[in-house]
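Engineer: please work out how this folds:
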Amino acid sequence: MLFNSLKYALFLPIVFAVFWATPQKYRVWILLVASYVFYMTWRPGFILLIIGLTLVNYYLGFAIHKAKEVKEKKAWLTLSVVLNLATLVFFKYAYFFNDCVSALIKPLGLPATHLPFDIILPLGISFFVFEFIHYTTDVFRGSEPIKSLPAFALFASFFPTQIAGPIKRFQDFIPQFLAESKLTVATFDSAVSLILLGLFKKVLIADNLSFFVQGGFGNAGLFSGTDLWIFTYAFAFQIYFDFSGYTDIARGSAMLFGYKVPINFNLPYLARNISEFWHRWHISLSTWLRDYLFIPLGGSRSSRWKVHRNLLITMTLGGLWHGAATHYLIWGVFHGALLVVHREFQALKNHPSFTWLKDAIASKPGTILSALLTFHAVCIGWVFFRAETNAVAFQMIRKMFTFAPVFCESKMVSAVLPTINYPLIYPSIFLLLPILAAAHLLMGWINTTTFVSRTPKIARAVWCCTMIFLVMVFSPDKSPRFIYFQF
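Structural biologist: Reported below is the predicted structural model:
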């Protein structure tokens, strides 16, 4: 069930009405049943996977908490992490490892290996597995386990965040069950505004960009370096509006039931360096990787070279988390390398001999230049993230940095993008890019401020009606599913 589907438009109000018509003590059950129904609309059988992992991690949490010896606690935690990761690896990486083995034995003249069964990737498995690992790890570190099984089950399966996050922390989520749920007019207005904002981002902006992006990335050999930069910029905004749109709908849906989930984006393309970018982009994932991978590896408390190693390992595994493909691996390594370079540059900038460099970067022109360089570094990474193969990605990168020819021939464009009038394509795109940048600023600001509470009712009504009208009029005939649903 997609957030931008008619099914969800009917499902959400029904659950909302039943939830608030039910006494407080039964509301967790209402949301739990609704969450399981939501997941079963995809493939009913996979509900057994969520229930099974929920029961295993629930009881392992108590086993960790009750163990008296540190060694015993570690043993239970290790079992939890192994079981969760083994589940993730089986469903998500079995084909990847099979292909790697086939590639290794091919030079020996041996036949390629084949899995004896088909594997379907369960929706949201990467997200709820990370939440389970977070839970058992934090219980090991001293947090109290969740005593209520329905509350724990809802923590993992809560339908607004079930498929693509944000990745929740149980210390923030579970206490909201203890307080009596109350729905205020201000909360309802904020929730509906967030949902409409998310639909606006997804349906009106991201979905319309997706067709243009697909034409470019799917036929990279036909286009010039300038064309490919434009397609890359378009994808940068497509993935931002697609994923932040999903997050807005998730946050708004959760607010309708009195629950708050984390903000996942904070104007990421204004970041002045790559470290700041990861503090603004997919915040729930980057903080998870920091707390449960980077810091356990030694974090930044280690020697210089070990810190670099930790950054590279963390981002490489973060890339693989996104998908079982070598282009995601390269994307992760690329960002790890950028973080290493940034760390070395910070050390150079803070050296007494380079105070002039520090002052130059802190100036307004330096800040603007830093943000532009960071954005373009991120865009280069997006090429590897979006390209279907490494060969296509490297072909695009080569052409993007040669700029020859300046523009592709009109017959190429008309063949690949037949719905676009070629003489208008470049003026239109160059006009669209600043509009997308302005939308990034405006919607990012709305998302992270108390816009609703500070805006008069009539202005809020006009805002919501405008978004509904634009989505209905300018939405494409077919809306692709959210990009992060595949992870």
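Engineer: for the stretch 301-450 of the chain, just list every one of the helices.
Structural biologist: For the stretch 301-450 of the chain, the helices defined by DSSP state H, counting those that start in this stretch occupy 304-322, 326-349, 355-362, 364-386, 390-400, 410-416, 422-447.
Engineer: the ones you listed: which one's closest to Leu196?
Structural biologist: Leu196 lies closest to helix 422-447 among these, at 10.9 Å (CB to CB). Placement of C-beta: from N, CA and C, glycine included.
Engineer: how many neighbours does Ala75 have?
Structural biologist: 14 (other CB atoms under 10 Å).
Engineer: secondary structure element holding it?
Structural biologist: Under the criterion of DSSP states H and E, Ala75 resides in helix 70-105.
Engineer: could you give the angle of that helix to helix 326-349?
Structural biologist: Interaxial angle of helix 70-105 relative to helix 326-349 (axes from the mean of the first three to the mean of the last three CA atoms, to 10 degrees): 120 degrees.
Engineer: buried set for helix 70-105?
Structural biologist: Across helix 70-105, burial judged by 16 or more other CB atoms under 10 Å covers 73, 76-77, 80-81, 83-84, 87-88, 91-93, 96, 98.
Engineer: thinking again about what came up before, which stretch among the helices of the stretch 301-450 of the chain comes nearest Tyr259?
Structural biologist: helix 422-447 (17.4 Å).
Engineer: what is the rounded mean pLDDT of that closest one?
Structural biologist: In this model, helix 422-447 carries a mean pLDDT of 59.
Engineer: the chain should start at 873 in everything you say after this.
Structural biologist: Okay, residue one is now 873; in that scheme the one you just asked about reads as helix 1294-1319.
Engineer: so Tyr1141 sits right up against Ala1249, yeah?
Structural biologist: No - look at Tyr1141 against Ala1249 with CB atoms under 8 Å: they stay out of range, at 11.4 Å.
Engineer: next one: the helix holding Ala947 to chain centre, how far?
Structural biologist: How far helix 942-977 lies from its chain's middle: 22 Å, per CA atoms, centre = their mean, to the nearest Å.
Engineer: avg pLDDT for it?
Structural biologist: pLDDT averaged over helix 942-977 gives 87.
Engineer: shouldn't Ala1025 be in contact with Leu903?
Structural biologist: No - judged on CB under 8 Å, Ala1025 makes no contact with Leu903 at a distance of 9.9 Å.
Engineer: of these two, who's got more company?
Structural biologist: Legend: neighbour count by other CB under 10 Å for Ala1025 and Leu903, higher for Leu903 (26 against 22).
Engineer: so what pLDDT did the more buried one get?
Structural biologist: pLDDT, Leu903: 94.
Engineer: can you tell me the helix or strand for it?
Structural biologist: Going by DSSP H and E, Leu903 is in helix 899-912.
Engineer: so what touches the helix or strand just after that helix?
Structural biologist: Per DSSP H and E, helix 899-912 leads on to helix 919-938 as the next helix or strand towards the C-terminus. Helix 919-938 is contacted from outside by 908, 911-912, 945, 948-949, 951-952, 955-956, 959, 994, 997, 1000-1001, 1004, 1007-1008, 1011-1012, 1016-1018, 1021, 1024-1025, 1028-1029, using CB atoms under 8 Å, 6 or more residues apart in numbering.
Engineer: circling back to that earlier point, looking at Tyr1141 and Ala1249, which is more packed in?
Structural biologist: Tyr1141 (22 against 19).
Engineer: where's the more buried one relative to Phe1113, distance?
Structural biologist: Remark: distance between Tyr1141 and Phe1113 (CB to CB, to the nearest Å) = 11 Å.
Engineer: now do Cys1337
Structural biologist: 21 Å.
Engineer: more neighbours, those two?
Structural biologist: Comparing Cys1337 with Phe1113 by other CB under 10 Å, the one with more neighbours is Phe1113, at 26 against 11.
Engineer: look up how far Phe1103 lies from Ser1172.
Structural biologist: Counting by CB to CB, the gap from Ser1172 to Phe1103 is 36 Å.
Engineer: name the residue in those two with the higher neighbour count.
Structural biologist: Legend: neighbour count by other CB under 10 Å for Ser1172 and Phe1103, higher for Phe1103 (26 against 12).
Engineer: and that one, what does it touch?
Structural biologist: By CB under 8 Å, 6+ apart, the contact list for Phe1103 reads 1084-1085, 1088-1089, 1095.
Engineer: which SSE is it in?
Structural biologist: helix 1097-1127.
Engineer: so Leu1201 touches Gly1191, yeah?
Structural biologist: Yes - in this structure, Leu1201 is within contact of Gly1191 by CB under 8 Å, at 5.4 Å.
Engineer: who's more crowded, these two?
Structural biologist: Gly1191 (24 against 19).
Engineer: list the contacts of Met1127.
Structural biologist: 1059, 1062-1063, 1066.
Engineer: neighbour-wise, which one of those leads?
Structural biologist: Going by other CB under 10 Å, Leu1066 tops these with 24 neighbours.
Engineer: give me the pLDDT value at the closest residue to it other than its chain neighbours.
Structural biologist: Counting by CB to CB, 6 or more residues apart in numbering, Leu1066 lies nearest to Gly1124, which is 3.2 Å off, once chain neighbours are set aside. Here, the pLDDT recorded for Gly1124 equals 91.
Engineer: now do Val1285
Structural biologist: Val1285 carries a pLDDT value of 52.
Engineer: likewise Ile1240?
Structural biologist: For Ile1240, pLDDT reads 92.
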